[in-house]
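K.L.:
Please find the sequence and the predicted model below.
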Amino acid sequence: MVVGSACATTHAPAFVTRPPCPLESSDHFYFPENILPDSFERQWYSKHLRAMKEPSLSCGVTGEREVYRVTVLPSFSNPVSVRVSRNGGHYTVRTIVLDGAGGYDPGNIMRERHRTISTDEWKRLKAAVEESDFWEESTDAPTRSDVVVVDGTQWIFEGSAKTYHVVVRHDTSMGAFDDLGELFAKLTQTNKAR
């Protein structure tokens, strides 16, 4: 069981990505301290992303690339990451499922899947990002919600498009991010008419 503490709502601004990355073993590799100040969270989320062999979205990213990722950490079930990338007019999705548990040891990669998505699928994702106010510094989309985490699921939404931003939600506080989470789940499915 993962237990977090209640905290005040914070509003971390998006910032320009860091060209050089810190050491991968650093808890700042994935989440800079000024964006995600809680060191327990940075370490928790980072160990799962390392096990998934995921890149950092907050550093080493060029201005031409646009990437969105959701990392889902259920306390007692398999951790999942879905990363959707745009490079020019090419759009891809990478899904990773670990054999551990989101609130405990991440384990190892159990399933990995890559696929190309259509321009329409990319446009739907972009629209869902806009509708969730992901990039906004408003009370509708704080980086953290005022929640005590005792079991359940953590959702870590990240975006990198010249700037980097992260929004963390517990499954009890999804709000506008519920639709965005569902769309990420749909993108993990095989190509079919939608």
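P.N.:
In hand now; what should we look at?
K.L.:
Quick check: I109 vs A127, distance?
P.N.:
31 Å (C-beta to C-beta, to the nearest Å). For every residue, glycine as well, the C-beta is placed using N, CA and C.
K.L.:
gap between A161 and F40?
P.N.:
For A161 relative to F40 (C-beta to C-beta), the value is 28 Å.
K.L.:
So between these two, which is more surrounded?
P.N.:
A161 (20 against 12; other C-beta atoms under 10 Å).
K.L.:
my read: that one touches S85, true?
P.N.:
No. Using C-beta atoms under 8 Å, A161 makes no contact with S85, being 10.6 Å away.
K.L.:
Give me the common contacts of those two.
P.N.:
Listed as contacting both A161 and S85 by C-beta atoms under 8 Å, 6 or more residues apart in numbering are 65-67.
K.L.:
Which parts of the chain are helices?
P.N.:
39-51, 119-131, 177-187 (DSSP state H).
K.L.:
Just the angle for the last one relative to helix 119-131, thanks.
P.N.:
Orientation note: helix 177-187 sits at an angle of 160 degrees relative to helix 119-131 (axes from the mean of the first three to the mean of the last three C-alpha atoms, to 10 degrees).
K.L.:
what's helix 177-187 in contact with?
P.N.:
Residues contacting helix 177-187 (C-beta under 8 Å, 6+ apart): 68, 70, 72, 82, 84, 93, 117, 121, 124-125, 128-129, 131-132, 134, 155, 157, 167, 169, 174, 194.
K.L.:
one more time with 6 Å, if that's ok
P.N.:
Among residues not part of helix 177-187, those counted as contacts by C-beta atoms under 6 Å, 6 or more residues apart in numbering are 70, 82, 93, 125, 128, 132, 155, 169.
K.L.:
Okay, now the unreliable bits of this protein?
P.N.:
1-17, 19, 61-64, 137-150, 172, 190-194 (pLDDT under 70).
K.L.:
For S118, see how far away S39 is.
P.N.:
40 Å.
K.L.:
What of P74?
P.N.:
For P74 relative to S118 (C-beta to C-beta), the value is 29 Å.
K.L.:
between the two, who's got more neighbours?
P.N.:
P74 (17 against 11).
K.L.:
Wait, that one touches Q154, no?
P.N.:
No. Here P74 does not reach Q154: they are 8.1 Å apart, not a contact under C-beta atoms under 6 Å.
K.L.:
Which residues are in contact with each of the two?
P.N.:
Residues touching both P74 and Q154 (C-beta under 6 Å, 6+ apart): none.
K.L.:
Thank you kindly, that will do.
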